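K.L.:
Here is the input, now give the coordinates:
(one chain, ligands or ions: 1)
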Amino acid sequence: MNFDYKTELKKIATLNSPIIISSGTFGTSGAYLDLIKNQNIGAVVTKTITLEAKSGNPQPRIFEGKNFIVNSIGLENNGVYDFVINFDKNYKNIPFPIIVSISGNDESEYVKIIKKINELNSPVAVELNLSCPNVDSEGLASAMNLKSFGKTVFNCSQVSKFPIITKLSPFQCINTMYAETAEKNGTTAISLINTVPAMVIDTENMSPFLGNTVGGMSGPAIKPIALKMVHEIYKSVTVPIIGMGGISNYRDALDFLMVGATAVSIGTMNLVDPELPNKILKNIDNFLTKKNIHDFDELKKRFQKNL
Ligand SMILES: Cc1cc2nc3c(=O)[nH]c(=O)nc-3n(C[C@H](O)[C@H](O)[C@H](O)COP(=O)(O)O)c2cc1C
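P.N.:
Numbering: from 1, shown residues only. Coordinates of the predicted model:
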């Protein structure tokens, strides 16, 4: 490869590559690690951790459509106490920087989780999942309340010994207010988008397909929505943006970088092909060489000039 893919996530870390693995789609099993250990991955995000253990939603939890999936995993995890006790055991073989994703039922729960995460040493950041559509309506409602949203980001930024990344749902990206509020309240970076609230029907049986009735849509079909949101938010904040939603090839990754993302994250397609990061980088290499572009700043400028 011709290019140095080192990516500066300002005030967080210098990553070896702009490609991150999204929350909920990164695994810690041996077989999976064997597949990804030679990939040039900038960082990985853990499955979202909650204060107490959660058993998740009833089966079935994943619907596979054409170019998209709808999942209703429901934040299944063993809770933050178990996460911290087993962190070294589970993550010592991961050769990439780790971002810990967390979600609370209310403002005070976020702070409790952060205080526990503070006992760890190696994560490079904490990502606030303020957006998961699969939790109950109370959690979503408080995340949509701008005042409460801002307070959560502020409290977490104050208490955390790690930089905070605020992850936004598509609803929080309908305008730029949530991103601006997150920045004002001390977030170090913003990531977007989380899954799009969705529903699938088993027509024949006249019943909901998912055990939870509703879920979150992801995969290639949501890319144009996510791209528009990164484009708008890039104009309104100065903190780095991690762009995601439907990335399946190098063109998708380049598109997010052009509209303003500093790094990109792969979710659903990582479940299909864990070796996607190197394939994407190799093709980016060819593209940049062909276009005589020397780095991502230049790429971004070339696009922004055409707006
Ligand atoms: C199976 C699955 C599980 C997910 N779990 C989480 C999660 O625990 N926390 C979170 O913030 N996002 C979660 N997400 C959302 C992804 O991190 C990502 O934001 C979203 O899927 C959009 O990217 P994609 O289209 O590349 O998948 C999950 C997505 C999938 C497909």
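K.L.:
CA atoms for contacts and neighbours, from now on please.
P.N.:
Will do.
K.L.:
Any idea how far the helix or strand that residue 269 is a member of is from the middle of the chain?
P.N.:
Assigning secondary structure by DSSP states H and E places residue 269 in helix 268-272. Centroid separation for helix 268-272 versus its chain: 13 Å, with Cα atoms, centre = their mean, to the nearest Å.
K.L.:
CA-only coordinates of that helix in CSV, if you can.
P.N.:
The C-alpha coordinates for helix 268-272 follow below in CSV (Å, rounded to 0.1, in the frame of the first residue of the first chain):
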residue,chain,number,x,y,z
THR,A,268,-23.4,-5.2,9.5
MET,A,269,-21.0,-6.0,6.6
ASN,A,270,-18.4,-7.0,9.2
LEU,A,271,-20.8,-9.9,10.0
VAL,A,272,-20.6,-10.9,6.4
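K.L.:
Check which helices and strands the helix or strand following it sits against.
P.N.:
Scanning forward in sequence from helix 268-272 by DSSP H and E, the next helix or strand is helix 276-290. Contacts defined by 3 or more Cα pairs under 8 Å, 6 or more residues apart in numbering; DSSP states H and E place helix 276-290 against helix 250-259.
K.L.:
Restrict the helix or strand that the helix it packs on is followed by to CA atoms and write it as CSV.
P.N.:
Per DSSP H and E, helix 250-259 leads on to strand 263-266 as the next helix or strand towards the C-terminus. Extracted C-alpha coordinates of strand 263-266, given in CSV (Å, rounded to 0.1, in the frame of the first residue of the first chain):
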residue,chain,number,x,y,z
ALA,A,263,-12.9,7.9,10.5
VAL,A,264,-15.5,5.3,9.3
SER,A,265,-17.0,2.4,11.1
ILE,A,266,-18.2,-0.9,9.6
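K.L.:
Please enumerate residues in contact with strand 263-266?
P.N.:
7, 9, 18-22, 241-248, 253, 256-257 (Cα atoms under 8 Å, 6 or more residues apart in numbering).
K.L.:
among those, which are within reach of the ligand?
P.N.:
22, 244-247 (Cα under 6 Å from any ligand atom).
K.L.:
ok so, going back, among the contacts of strand 263-266, which lie within helices?
P.N.:
If you go by DSSP state H, the contacts of strand 263-266 have 253, 256-257 in helices.
K.L.:
Most neighbours of all those residues, which one?
P.N.:
residue 256 (28 neighbours; other Cα atoms under 10 Å).
K.L.:
dump the residue contacts of it.
P.N.:
227, 230, 243-244, 264.
K.L.:
Residue 189 too?
P.N.:
Applying Cα under 8 Å, 6+ apart to residue 189 gives the contacts 9, 164-166, 183, 239-242.
K.L.:
before we move on, what about residue 232?
P.N.:
Here residue 232 is in contact with 175-176 (criterion: Cα under 8 Å, 6+ apart).
K.L.:
Then residue 90?
P.N.:
Counted by Cα under 8 Å, 6+ apart, residue 90 has contacts residue 28.
K.L.:
how about it, secondary structure?
P.N.:
helix (DSSP: H, G, I helix; E, B strand; the rest coil).
K.L.:
Between the contacts of residue 256, which sits nearest the ligand?
P.N.:
residue 244 (5.1 Å; Cα to the nearest ligand atom).
K.L.:
can you confirm residue 121 is in a helix?
P.N.:
No - per three-state DSSP, residue 121 lies outside any helix segment and is coil.
K.L.:
Near residue 296, how many residues? Count them for me, please.
P.N.:
Neighbours of residue 296 (other Cα under 10 Å): 19.
K.L.:
What residues does the closest residue to it other than its chain neighbours make contact with?
P.N.:
Nearest residue to residue 296, sequence neighbours excluded (Cα to Cα, 6 or more residues apart in numbering): residue 257, at 7.2 Å. Applying Cα under 8 Å, 6+ apart, we find residue 257 in contact with 243, 263-264, 296, 299-300.
K.L.:
top of those residues by neighbour count?
P.N.:
residue 243 (32 neighbours).
K.L.:
Quick one: residues contacting residue 14.
P.N.:
6-8.
K.L.:
Same list, these, but as JSON lines with neighbour count and pLDDT please.
P.N.:
Listed next are those as JSON lines, based on neighbours: other Cα atoms under 10 Å; pLDDT from 0 to 100:
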{"residue": "6", "neighbour count": "12", "pLDDT": "95"}
{"residue": "7", "neighbour count": "17", "pLDDT": "97"}
{"residue": "8", "neighbour count": "16", "pLDDT": "96"}
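K.L.:
State the pair within the contacts of residue 257 that is farthest apart.
P.N.:
Maximum pairwise distance among those (Cα to Cα): 15.6 Å, between 243 and 299.
K.L.:
that older thread, show me the contacts of strand 263-266 that map onto strands.
P.N.:
Residues from the contacts of strand 263-266 lying in strands, with DSSP state E as the criterion: 7, 9, 19-21, 241-244.
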